[in-house]
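Trainee: Just need the structure, nothing else, for what follows:
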Amino acid sequence: MAVNNIIKRIQNIMRQDAGINGDAQRIEQMTWMFFLKVYDTQEETWEYKDENYKSIIPEDLRWRKWAVDEKDGEALTGEALLSFVNEKLFPTLKNLPIDANTPRAKSIVQETFADLNQYMKNGTLLRQVVNIVNEIEFDDADDRHTFGDIYEGILKDLQSAGNAGEFYTPRALTDFIVMMLDPKLGETFGDFTSGTGGFLTSALNYMSKSVSSAEDGEKLQNAVVGQEWKPLPYLLSITNLLLHDIEAPNIANCDSLGTNITDFKESDKVDVIGMNPPYGGSTEDSVKSNFPVQYRSSETADLFIALIMYRLKASGRCGVIIPDGFLFGTDGAKFALKENLLRKFNLHTIIRLPGSIFSPYTSIATNILFFNNEEAEGCEEGFKTKETWFYRLDMPEGYKHFSKTKPMKVEHTLPIQEWWKDRKEIINDEVGEKSRVFTAQQLIDLDCNFDQCKFPKEEEEILPPAELLKQYFEKRAALDHEIDKTLSEIQKILGIDIKSCN
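Mentor: You can find the predicted model right below:
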């Protein structure tokens, strides 16, 4: 099946419809159809296993009943199809009766459709799109693999629609982080900004290699936990997990920062966390109040670091992508978070990533923090971190920048993987400081400045004006902090109390 052809055919049809405006609406229109088609295929499996299985979807609203065109002139189309979808299908699915006893595998239908919209105004064009979706057989292994490629195309369109900076991470990066975290069957893997399910599916693919029995298969069914508050990525993530044979995706449509973090119980914690939190946005005061005073920040990425601290089990492992501003930031929240990572967690590795990994959608430089909720062996008193290694991942040979046509690949992480197994400092005239190790106390003495093993100036990317100004302000604040600290030390040496002189 020609994957690109499927997407292009659907897009070309939708462009003729007066009700759809832009990529985001086209994607939402496509994905609710994909969801119903995938869910119907999954229900066939459940019916095969249990002859008493009863769908939560009324019989006449099931995909197999209204969407399949037998080419006998009986399939709904035109105004009849439009009326059916707008007046019966959507209202019913949005209001399916569910309660606390409704199985998750069924309640996801109502939860998925609660905030969805049907935009198309031409029933004939709608029938054409439905027929193309029906060309994909999701019970066929080859077609499932094909849909993985279609799915990637949808995600790229999401990026073009300007929405992906918050919830899309290149597959190569999620696969690498999961590989380093090494989740095991029986453990729970969480992502509390799960977006379209990239980290969760990478974790499932990694753990599925260890499945060798029915018991292992059951463990895999309960292996991942997600939260996503935006309707469209939530729909994509549910569909993504169904395609990975997860019968009841444990993804909640909610704001993971909307709960007071001191209220989390042990049952709310997970063994492994892989995340790429949204960054660059500001946070309302009502959300900040869910966090202890020392962690209250206007930067969402900071709040997610605090959230992780409260949702990671003892001996748990985390890999989280954060912007450069967190490394050199000196405001109260960032300092408190970084100090806590050194004192209460084992912050063992920080990977500096090339600035173009997320290009062309954002040029914000990012990093991966790896830390465990346990005490490192041989650490100093007052710390759970013994030492923190920094490693700078340079652009691969032959690449000046990553781009749409030359994206990051898993093999580009091989230098990190090799270094990870045999860690050594790499400092020379040719590469500068590529890898260094600091004790926890050394980093405290540096006022928790984690901005180590920087990229050479000539490799720094020119940022958009808003991002550039933000970074200037953050770096100026860090410099002001250093100046204030130096002046304070001089005052102490000279025995001068500036306050008393004023």
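Trainee: How far off centre is the helix or strand hosting Ala105?
Mentor: Element membership for Ala105 (DSSP states H and E) is helix 104-113. Offset of helix 104-113 from its chain centre (CA atoms, centre = their mean, to the nearest Å): 21 Å.
Trainee: what is the rounded mean pLDDT of it?
Mentor: Taken as a whole, helix 104-113 has a mean pLDDT of 91.
Trainee: Near Leu93, how many other residues are there?
Mentor: 20 (other CB atoms under 10 Å). The way it works is simple: take the backbone N, C-alpha and C, and place the C-beta from them, glycine included.
Trainee: Check what pLDDT it gets.
Mentor: pLDDT, Leu93: 97.
Trainee: do the same with Gly281
Mentor: Looking at Gly281, its pLDDT reads 64.
Trainee: same question, Ile351
Mentor: 98.
Trainee: Need the three-state assignment for it.
Mentor: Assigned with DSSP: H, G, I helix; E, B strand; the rest coil, Ile351 falls in the strand class.
Trainee: Burial check on it, number of neighbours?
Mentor: 24.
Trainee: and what of Gln110?
Mentor: Gln110 has 18 neighbours, counted by other CB under 10 Å.
Trainee: Quick one, grab the pLDDT at the closest residue to it other than its chain neighbours.
Mentor: Nearest non-adjacent residue to Gln110, counting by CB to CB, 6 or more residues apart in numbering: Leu96, 4.0 Å away. pLDDT, Leu96: 95.
Trainee: Leu96 touches Ile108, doesn't it?
Mentor: No: with contact defined as CB atoms under 8 Å, Leu96 does not reach Ile108; the gap is 10.3 Å.
Trainee: the domain parsing of this protein - what is it?
Mentor: Domains of the chain are assigned by automatic domain parsing as 3-154, 163-256, 290-309+319-466.
Trainee: Distance from the shortest one to the middle of the chain?
Mentor: Average the C-alpha atoms of domain 163-256, do the same for its chain, and the two points are 9 Å apart (CA atoms, centre = their mean).
Trainee: Please save the CA atoms from stretch 350-357 in CSV.
Mentor: Taking C-alpha atoms only, stretch 350-357 is exported to CSV below (Å, rounded to 0.1, in the frame of the first residue of the first chain):
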residue,chain,number,x,y,z
ILE,A,350,23.0,15.1,31.5
ILE,A,351,23.1,14.8,27.7
ARG,A,352,23.4,18.0,25.7
LEU,A,353,21.4,17.7,22.5
PRO,A,354,22.1,19.6,19.2
GLY,A,355,19.8,22.6,18.9
SER,A,356,18.3,21.4,15.6
ILE,A,357,16.8,18.1,16.8
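Trainee: ok, residues contacting that stretch?
Mentor: 170, 173, 321, 327, 363-370, 388-395, 401-403, 408, 416, 450, 452-455, 459-461 (CB atoms under 8 Å, 6 or more residues apart in numbering).
Trainee: 7 Å instead?
Mentor: 170, 173, 363, 365-369, 388, 390-393, 395, 401-402, 408, 416, 450, 453, 455, 460-461 (CB atoms under 7 Å, 6 or more residues apart in numbering).
Trainee: ok, back up a step: between Leu96 and Ile108, which one's more packed in?
Mentor: Ile108 (27 against 18).
Trainee: In the stretch 351-500 of the chain, mark out all the helices, start to finish.
Mentor: For the stretch 351-500 of the chain, the helices defined by DSSP state H, counting those that start in this stretch occupy 414-421, 440-445, 465-494, 498-501.
Trainee: To clarify, my last question referred to the stretch 101-250 of the chain.
Mentor: 104-113, 123-133, 141-160, 171-181, 198-208, 214-221, 231-243.
Trainee: Pipe the ones you listed into TSV and attach distance to Asp271 per row.
Mentor: Converted to TSV, the helices of the stretch 101-250 of the chain look like this (distance: least, CB to CB, whole Å):
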stretch	distance to Asp271
helix 104-113	20
helix 123-133	37
helix 141-160	26
helix 171-181	9
helix 198-208	11
helix 214-221	12
helix 231-243	18
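Trainee: Looking at these, spot the one closest to Gly78.
Mentor: Shortest distance between Gly78 and these, using CB to CB, is found for helix 123-133: 4.3 Å.
Trainee: Could you give the separation of the closest one from the chain centroid?
Mentor: 32 Å.
Trainee: Name the residues that touch that helix?
Mentor: Taking CB under 7 Å, 6+ apart as the rule, helix 123-133 contacts 6, 9-10, 13-14, 16-17, 33-34, 37, 67, 69, 75, 77-82, 85, 120.
Trainee: most tightly surrounded among the domains of the chain?
Mentor: domain 163-256 (a mean of 20; mean count of other CB atoms under 10 Å).
Trainee: which secondary structure elements does the lengthiest strand in the chain contact?
Mentor: Across the chain, the strand with the greatest residue count (assigned by DSSP state E) is strand 312-323. Strand 312-323 sits against helix 171-181, strand 270-275, helix 300-311, strand 366-372, with contacts defined as 3 or more CB pairs under 7 Å, 6 or more residues apart in numbering; DSSP states H and E.
Trainee: For those, give me CSV that also has distance to Thr124 and mean pLDDT.
Mentor: Putting those into CSV (distance: least, CB to CB, whole Å; pLDDT from 0 to 100) gives the following:
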stretch, distance to Thr124, mean pLDDT
helix 171-181, 37, 95
strand 270-275, 44, 98
helix 300-311, 44, 96
strand 366-372, 46, 97
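Trainee: quick one: which of the ones you listed is nearest Thr283?
Mentor: helix 300-311 (5.5 Å).
Trainee: Are there helices or strands packed against that closest one, and which ones?
Mentor: strand 270-275, strand 312-323, helix 332-344.
Trainee: okay, those in CSV with distance to Tyr48 next?
Mentor: Compiled in CSV, those are given as follows (distance: least, CB to CB, whole Å):
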stretch, distance to Tyr48
strand 270-275, 32
strand 312-323, 37
helix 332-344, 49
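Trainee: of all these, which lies closest to Lys384?
Mentor: helix 332-344 (5.9 Å).
Trainee: wait, is Lys88 part of a helix?
Mentor: Yes: using three-state DSSP, the assignment for Lys88 is a helix.
Trainee: What pLDDT is listed against it?
Mentor: 98.
Trainee: Low-confidence ranges, this protein, go.
Mentor: For the chain, the stretches with pLDDT under 70 are 1-4, 139-168, 280-282, 359-363, 457-482, 484-487, 489, 497-502.
Trainee: Swap in 80 and give it another go.
Mentor: 1-5, 7, 23-24, 137-168, 232, 279-284, 356, 358-364, 403-405, 457-502 (pLDDT under 80).
Trainee: What sits closest to Ala336 if chain neighbours are left out?
Mentor: Nearest non-adjacent residue to Ala336 (CB to CB, 6+ apart): Gln294, at 4.2 Å.
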